[in-house]
Structure formats: C-alpha cells, structure tokens
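Enquirer: Need the 3D shape of this:
(chains A and B)
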Amino acid sequence: MKIFLKLLVPLAFALAVSAGAKEVKLLNVSYDPTRELYQDYNAAFAKYWKAKTGNDVVVAQSHGGSGKQAQSVINGLEADVVTLALAYDIDAVASQAKLLPADWQKRLPDNSTPYTSTIVFLVRKGNPKQIKDWDDIVKPGVVVVTPNPKTSGGARWNYLGAWAYALDQYGHDDAKARDFVKRLYKNVPVLDSGARGATTTFVERGIGDVLLAWENEAYLALKQFGTNKFDIVTPSLSILAEPPVAVVDKLAKKHGTADVAQAYLEYLYSDEGQDIAGRNFYRPRDAKAAAKYAGQFSPVKLVTVDQVFGGWQKAQKTHFADGGVFDQIFQP
Amino acid sequence: MPTGWPAAKPTTHTNQDNMKLNQLILASLAGLQMIFPAAAADDTVTNSAGAALAVIPAYTAASSPDAGSAGTAEIEALKKELRELGQKVRSLEEQQASARQTNADAAGEKLQDLDQQVRILGRQRELDNENAAAAAKALPKIAAGPGGFSFTSADTNFSLALHGVLQVDSRTFFANDNLQGDNSFLLRRARPILQGTVYRDFDFVFVPDFGGSAVQIFDAYVNYRYSPELQLQAGKYKSPVGLESLQSDVNILFNERSLATDLVPNRDVGFELHGDLFNGAVSYAAGIFNGAPDYSGSTTNADFDSLKAFAGRVFFQPLKDSDVAALKGFGFGVGGSYESDRAWTNTATGVTPGYTTDGQERFFTYTNGVVGHGNHWRIAPQGSYYYGPLGVFGEYVISDQQVVNVNKGLKADLQNTAWDVSGSWLLTGEEASSGAVVPKHPFDPKRGQWGAWQVVGRYAQLDVDNSAFPRFANPNTSASKAQAWSAGLNWYLNRNIRFNASFSHTWFNGGNGTGSTVTKQPENVLFTRIQLGF
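Expert: The predicted structure is shown next:
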C-alpha cells in the first residue's frame, strides 16, 4: 500500500502540473520594420506571462507592408493581434471583416499607440548629395527610395511627411504641396511593397541617394551595417507616426486567446515594454522611458496626421484611394 | 643656308660644320615643336625637349666664341623663342591633363549613372517578378488530374470540383431454364459528382445518377465544418450505419455489395453531427433522418411518415499512429439506427422492397399488405484490417422490425440477421485500404507497366426470421436464408480506370416452391465491369 501511495502521489502531481500548464499560441500580424522589436518583446512577454500564469505563450510573427497585412487578415489570416503601421489599416479590418469593433482605438491608452516614430532620411556616408531637408530630395538628379504608399504604411507616412513640409514651406498652398510631392516621386525609380524591402533596395542593392525611412529602421540600418556606410539626416519637419495595436476580437475569441492577447498588448505599455520600444529606436510614450532614450534621436518638429490632414480616413481617401492624388501624380 | 639665321664662326669646327649643326638643332627644335601636341601624352617627350633646350646654349656658346653683338642678340632671341616654345609645351600639357581629368570625371559620373540604372532595372525586374507572383496567387487556380477537375479561388475559400463515376457492367447467369436474371449489359452507375466549398467552411455535394431507368438524386447535402472534430451535415446522403454501405461506390471490391448490406439503410434525408476525434483515431456520426427501409437500390427524397429515425456510428482506429505498421490498419466500430414506423399513413410500406442476391435478383419479399408498424432498430458491429497488400473487413447486422399484415390483421416482430467477411490481396505490392487503390506502376505496356492487380473473395449470408413465413412472406417464392461466396480479380490500370471480373455463387434455404424464379436453384453469376472514376 505504501509503495502504491509513493507511486500515486508523484503521478498525481505530475498529472496536475501537466493538466494545469498549457501553451498558448498567438499570431501577431505586424508591419515590415517591427521584426526586431517584437522578437525582443515576445521573449519578454513570454517570460512575464509564464511568471504570472504559469502558462507558456508562443507568439508567431507575420510581417509585410501594413496595407497588405491588413488585407491578409481581412482575407482570412488568423491574427490574434494586429500591430500595424497606421490606424487606417486596422480600421479596414474592423469595417470590412468586422473582426473587431469600430471604436477599437479607444480601448488602450494613447489611442492604442504604445510607441511612436517619425520619418528621417538615410543617406550614403558623407552625404555626397548634401541632403539636409525635404527640399534637397526633390532636386533633379537625386535618386530617392521609398516604398509604395498603396501597400506600405511607412510609405504613406513618408508621403504625408513631404506634403506637410511643403505646406509648411509654401504657406499651406495645396497646389504647391502637390507639385512638391510630384517632384519628389519623379525622383523615385522603384517602389517596394514595404519598408523593409525599400531598406534592402537602398542598403543592400546600393540604389539611390536617400532612403525615406522609419526612424527606427534608419537607426537599425546604422546598427546593422555600421556608421561608416550611412548617415542619418533628420529633416527640419517630419510627421509623428503613431503605429497602433489591437486585439482581433473575433479571431482571438475563436482561438480562446482573448485574455492573453489583451495582456500581450497591455504589456507594451509597461516599463519593460516601453524600454524595449526605446531600445529598438521607437519613441516610447512613457515619459520616463522617453527621457531615457531621448538622446538617441535628433530634435525635429513633428506634426500629426490629424493636425495637417484631418485624420487618416480623410488622408486615405484624398491621397491613397484609387484615383487619389498619389495615383494622379505618380507615373511609373 | 636658311635665311634669317646668323652664320656662326667656327672654333674647332669649320663654319660649314657649324652651320650644319645649327641647322640640325633648329630642325630638331622645329620638329619637336611640331610633334609635342601629338606626343603630349608621353612624359618622355617633355624630358627630351628640356634636355635639348639645355644643350643648345652650351653648344652655341662653345661654337661661337667670336660672335658679335648681332650673334648674341640672335642667340637671346633664339633662347626666348625656345622658352616660349617650352611654355607653350607646358601649357599644352596642362590643358591636356585638365581635359583628361574632366573626361575621367565625366566618364566616372556616367559610369555611376549607368551602374545606378542597371541596379534600378534589376530591382524593378525583381519587383515585377514579385508582383507577378503575387498577382498569380490572387488568381483562381485550375487543376486537372487523376483526382478530378477543379477550380479554386485564390484564398481557397471557394472551390468547385467535378468528379464522376461510370460503371459499365455485364452479368451472365448460369442457370437452367432462364430461371434467374437476364444476361445483360448494364449501365450500373453514371454519376457526375459536383462538390465544392463556399465561404471556406461550407462544403456541398451534389450527385445525380443517370445509370438507372430513371434519373435520381443520390447525394445532395451541405456540410459545415466548424472544426475537424465538429461538423454539421444536412441533406440526403448515406445513413451512418453499415461499414460496406459507407464505402465509396468506386472503391467497393465487387460489382455489388454483400448480403449484409441488405439490412442497413441506404441514403436518407436528415441532419447529422459528425467528425474525427484524436487525430482520426475516433470517427463519429449521429443524426436524425426520415427513416429508410432496409437497403434498397432506389432512394426517395421524402419521408413516408411523420416519425423520424435516429442513426449513428462510431468507429475506432486506436492504433493508426502506432509505430508498428502491422497494427496501424486495425479498426472496429458499431453502427445502429432506431425508428418508429407508422407506415399506413400513405402508400409507402416502410419495409424493404426486397432482399437481393449478388445478381440483384430478389430472393425475399414481404407479401402485399405487410407494412412496418412499430419499432425498427438495427445494430451493426463491424471491423476492418489493412496491412500492406492485405485488406479484410466484415460486419454483422441485425435488423429488427415490427410489421403488420394489414390484410390479415397480423403483427410480428421480425429479426433478420446478416453478416459478411471480405478479403483482398494486391498482387502488385500496393497498399490496401478502404479507399482507392493507387497503382505503383500505371498501365503503360510500352514501358512494361501493367497497373495493379488484386484478388478478392467474400462470404456472406442473410437469414430472415422464420416467423415471417408464411404470414408475412410467401415461403414458395421467398427464401428464408441466402448464403453466397464470391471471388474475383480486379485490375486497376491507373487511378481512374479499373476492370473487374468476379463470380458469385448463392444458394438458398426455402423459397423453392412452384413459381419461384430466383430461389428455386442456386444463383451463379459472372460479373464484369469497366469503371471510370475521377
């Protein structure tokens, strides 16, 4: 009997442990340049979640142009969370696929944007074309690399950054801003579908004099390829990019992952989450983390889409919808 | 003597010699002046010219010790002219060097531009290819192959596939006095099979049959796949009871199913929940149906009474993922049904129109006026085993039905039983299964390939409750028991074409009275079949 009990107790314990611990799988569908950010963050969150609940969580990542990623979710990619480049793309998931409510952006602080970024210029070492501001990249003979605004969230930020600068320079004259951006795209020989592809075009393929890049992407390029190859030029004015995050309610519920998906996004606002964002050259929302990493960014005057363009819906409709301004000014 | 050049007085040389030397020097200088532009690219010319200019004063001084002021002036003029020539030479050299640098810079820029253009074109080509690949992914896909013909939306949420089965049979009866069926060719099945998916999770199947004397809809149903474990199916399809009856018509071993299948329901209209659990180790189906009489070739699309039937089946393959190959193909299960008949509400009887032999001759029928009235239940334990080329399966079926002879006012609870065991062996080394045989070497005589060959055998029997005679069935024309063995050879040319040849021998207990055409003597029938299935 004693032997039986000796065998039974550890067996029962093992069964209880194995029955209690479970592995949860999440799919984070994100945009192009967040690979490194979420690699770091996923590991940290898994550790946090294990300590908190005893459960393992494995987060799979999917990356691509933000618009393409949103369309993939609409078409059936089973994302538990989306962390895209701009709110409009998550709005599309909400409105077209009805996978989350229309007011999703109100569910997390700062309009569900736990970190921000902006658009800067990555130029070749020594800045041979003497590019200092947006004016310089519309000059004839300057080859500009930027992705396609139809598919890339980053590209839309680039476009709107240029437009905002032109408005600022030319007395808020839309016609002049349009001409300015038209001249800019005249200098763009290739349009990649996403920001990472554009970075590859500029950095690895050696194409172009300047890459319009997410700030974090530009610093990452410096970190990866060395400061002896590229310089970062911060323009006098740029746009405040606010990449949002959201739980895809219906899919998370279907997968039984709603709780962990919510916690996954909330943890982005934690001290550790904010620190990881800063480490990966995003601008943290939290004041303490922002102050810690402020030194790595150059000062720049930032404007928002809401201020200049009246929000993403309007900006999208005016500039990037089929037949919009971009279609009118860009001649491939 | 050239004019304009002064005569120099000789010192150690004669005047004539000096004059010759002066002429030679001047000619050389003139020649140098002429060749400098052409030879400016050669540094050695500059050195030679300098050397020449250095030599001239020394020589002329040495050669004119007695020269007067006029001679000196001439020399100075000559020196000046030489200096000027030297300056011109240097100027020309500088100009040419500058031009060379300018050209080099321009060429470098041009080269850089060309390099950029090449890189841009290369990248554009890559992007074009990526876009083309992405566009191709967005196009519907069309497929044609041994598994049929299909087209599918790019996201695979919508699809439509065309399959089909065509069976051309012959039956040859070996009997005295033509007591049994006619020797005949027969279009046994001619069924286009349309199946597809809409909105990712909803499947549909539509199968009409043109093979009989009248067109029938055999299968027409919609299936919702919530998950592999939980699916809901609605429409007309095979009732989930009998093992052999659930095998696909294109994969059955013999031309006709066995006597055991006579006791299970055929296709029925209703709803069922079904799915596979534990990675297919357990399959289940449970549903509610109109209710169907014991197996009959024809099917209906409407109920014959208001009461409904419940049918279900569970099948286990507990060792399907075992590491031991010999255990993987072992499966067992049980099917069953229950219904309560009130068949006199219309013209339908609720009882079988007749149990048939392998040759599809009726060896048992209820007499006129007998209808199903009361409970009708079936149970069918079943099992199968497949290992390598060997396949064995069998089932035992009880069909218990309460009947009424409305003409005589008699009731009875009749329990009919049947069972069968079928075996097969693939001679050409293919793996046996309940599904399609896929020849390792499809028929191609030019390559010495002859497809797959399979020998098949079967024993089956059906025993009618003796209580059925004589009040519910005529003992002179209906047998109380039929037993049959069958043997055959199947030739699978490829996945789509198959030839069958088999022989069945059926013998009977009872039913050998006057007027019997079927059961009076054993049935011996030779079957052949040419089958197209895709």
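Enquirer: contacts and neighbour counts: CA atoms only from here.
Expert: Fine.
Enquirer: what bits of the stretch 301-450 of chain B have low per-residue confidence?
Expert: Residue ranges of the stretch 301-450 of chain B with pLDDT under 70: B:302-304, B:343-348.
Enquirer: Could you rerun that using 50?
Expert: Judged by pLDDT under 50, the stretch 301-450 of chain B has no weakly predicted residues.
Enquirer: mind listing the helices for it?
Expert: B:325-328 (DSSP state H, counting those that start in this stretch).
Enquirer: and chain A, which of its residues are near chain B?
Expert: A:Asn75, A:Gly76, A:Pro189, A:Val190, A:Asp192, A:Thr201, A:Arg205, A:Gly206, A:Ile207, A:Gly208 (CA under 8 Å from any CA of the partner chain).
Enquirer: out of the residues you listed, which are buried?
Expert: A:Pro189, A:Val190, A:Asp192, A:Thr201, A:Ile207, A:Gly208 (16 or more other CA atoms under 10 Å in any protein chain shown).
Enquirer: and the host helix or strand of B:Arg90, how far from the chain's centre?
Expert: Using DSSP states H and E, B:Arg90 sits within helix B:69-138. Relative to the mean C-alpha coordinate of its chain, helix B:69-138 is positioned 62 Å out (CA atoms, centre = their mean, to the nearest Å).
Enquirer: Please enumerate residues in contact with the next helix or strand after that helix?
Expert: On the C-terminal side of helix B:69-138, the nearest following helix or strand under DSSP H and E is strand B:141-145. Residues from elsewhere that reach strand B:141-145 (CA atoms under 8 Å, 6 or more residues apart in numbering or on different chains): B:Phe149, B:Ser150, B:Phe151, B:Thr152, B:Ser153, B:Ala154.
Enquirer: Weed out the non-buried ones from the residues you listed.
Expert: Among the contacts of strand B:141-145, those buried by neighbour count (16+ other CA under 10 Å) are B:Phe149, B:Ser150, B:Phe151, B:Thr152, B:Ser153.
Enquirer: What mean pLDDT does the helix holding B:Arg90 get?
Expert: The pLDDT scores in helix B:69-138 average 88.
Enquirer: Which neighbouring elements make contact with that helix?
Expert: Contact here means 3 or more CA pairs under 8 Å, 6 or more residues apart in numbering or on different chains; DSSP states H and E; on that basis helix B:69-138 packs against helix B:15-39, helix B:43-63.
Enquirer: Least reliable of these by average pLDDT, please.
Expert: Mean pLDDT across these is lowest at helix B:43-63; the value there is a mean of 44.
Enquirer: Leaving out the residues flanking it, which one is nearest to A:Arg205?
Expert: Leaving out its chain neighbours, the residue that sits closest to A:Arg205 by CA to CA, 6 or more residues apart in numbering or on different chains is B:Arg119, at 7.0 Å.
Enquirer: Now do the contacts for that neighbour.
Expert: For B:Arg119, the contact set (CA under 8 Å, 6+ apart) comprises A:Arg205, A:Gly206, A:Ile207.
Enquirer: Can you list the low-confidence ranges for chain A?
Expert: In chain A (pLDDT under 50), the answer is A:1-5, A:7-19.
Enquirer: Mind doing that once more with 70?
Expert: Low-confidence segments of chain A (pLDDT under 70): A:1-21.
Enquirer: Can you classify B:His274 as helix, strand or coil?
Expert: Look at B:His274: counting by DSSP: H, G, I helix; E, B strand; the rest coil, its state is strand.
Enquirer: Would you state the secondary structure element containing the closest residue to it other than its chain neighbours?
Expert: Excluding the flanking residues, the one nearest B:His274 by CA to CA, 6+ apart is B:Ala285, at 4.1 Å. Assessed by DSSP H and E, B:Ala285 sits inside strand B:282-289.
Enquirer: Show residues contacting that strand.
Expert: By CA under 8 Å, 6+ apart, the residues outside strand B:282-289 that reach it are B:240, B:268-277, B:308-318.
Enquirer: so B:Gly291 touches B:Ala309, yeah?
Expert: Yes. Here B:Gly291 reaches B:Ala309: they are 4.7 Å apart, a contact under CA atoms under 8 Å.
Enquirer: Please enumerate the shared neighbours of those two.
Expert: B:Glu339.
Enquirer: Between those two, which is the more surrounded one?
Expert: Remark: of B:Gly291 and B:Ala309, B:Gly291 carries more neighbours, 30 against 20, as counted by other CA atoms under 10 Å in any protein chain shown.
Enquirer: Would you mind measuring from that one to B:Arg362?
Expert: Distance, B:Gly291 to B:Arg362, by CA to CA, to the nearest Å: 22 Å.
Enquirer: now B:Lys137
Expert: 56 Å.
Enquirer: Those two: who's more crowded?
Expert: B:Arg362 (20 against 13).
Enquirer: ok, now which ones touch the residue lying closest to the more buried one once chain neighbours are set aside?
Expert: Once flanking residues are discounted, B:Arg362 sits nearest to B:Thr356: 4.2 Å by CA to CA, 6+ apart. By CA under 8 Å, 6+ apart, the residues touching B:Thr356 are B:Leu259, B:Asp262, B:Arg362, B:Phe363, B:Phe364.
Enquirer: out of those, which is most surrounded?
Expert: Within the contacts of B:Thr356, neighbour counts (other CA under 10 Å) peak at B:Asp262, which reaches 27 neighbours.
Enquirer: Can you read off the pLDDT for that residue?
Expert: Predicted confidence (pLDDT) for B:Asp262: 96.
Enquirer: which residues touch the residue nearest to it when sequence neighbours are not counted?
Expert: Spatial nearest neighbour of B:Asp262, excluding adjacent residues (CA to CA, 6+ apart): B:Tyr295 at 4.7 Å. For B:Tyr295, the contacting residues are B:Thr261, B:Asp262, B:Leu263, B:Val264, B:Pro265, B:Asn266, B:Thr352, B:Tyr355, by CA under 8 Å, 6+ apart.
Enquirer: where's the residue nearest to B:Phe393 when sequence neighbours are not counted relative to B:Val392, distance?
Expert: Counting by CA to CA, 6+ apart, B:Ser384 is the residue found nearest to B:Phe393 once chain neighbours are left out, at 4.0 Å. B:Ser384 is 6 Å from B:Val392, where distance means CA to CA.
Enquirer: try A:Val81
Expert: Distance from A:Val81 to B:Val392, by CA to CA: 50 Å.
Enquirer: And A:Glu266, by the same measure?
Expert: Note on A:Glu266: its distance to B:Val392, by CA to CA, is 59 Å.
Enquirer: returning to what we had before: what strands line up against the strand holding B:Ala285, and which way round?
Expert: Applying DSSP bridges, strand B:282-289 is found paired with strand B:267-277 (antiparallel), strand B:309-316 (antiparallel).
Enquirer: Please produce CSV containing these, extended by distance to B:Ala418.
Expert: Shown next, in CSV, are the strands paired with strand B:282-289 (distance: least, CA to CA, whole Å):
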stretch, distance to B:Ala418
strand B:267-277, 19
strand B:309-316, 18
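Enquirer: so which of the ones you listed comes closest to B:Gln521?
Expert: Proximity to B:Gln521 (CA to CA) singles out strand B:267-277 among the strands paired with strand B:282-289, at 31.7 Å.
Enquirer: Kindly report the residues of chain B close to chain A.
Expert: Applying CA under 8 Å from any CA, one finds that chain B approaches chain A through B:Gln116, B:Arg119, B:Ile120, B:Arg123, B:Gln124, B:Leu127, B:Asp155.
Enquirer: For the closest residue in space to A:Gly67 that isn't next to it in sequence, grab the count of nearby residues.
Expert: What sits nearest to A:Gly67 in space, not counting adjacent residues and going by CA to CA, 6+ apart, is A:Thr151, at 4.8 Å. Neighbour count of A:Thr151, defined by other CA under 10 Å: 23.
Enquirer: B:Leu114 now?
Expert: Neighbour tally, B:Leu114, other CA under 10 Å: 12.
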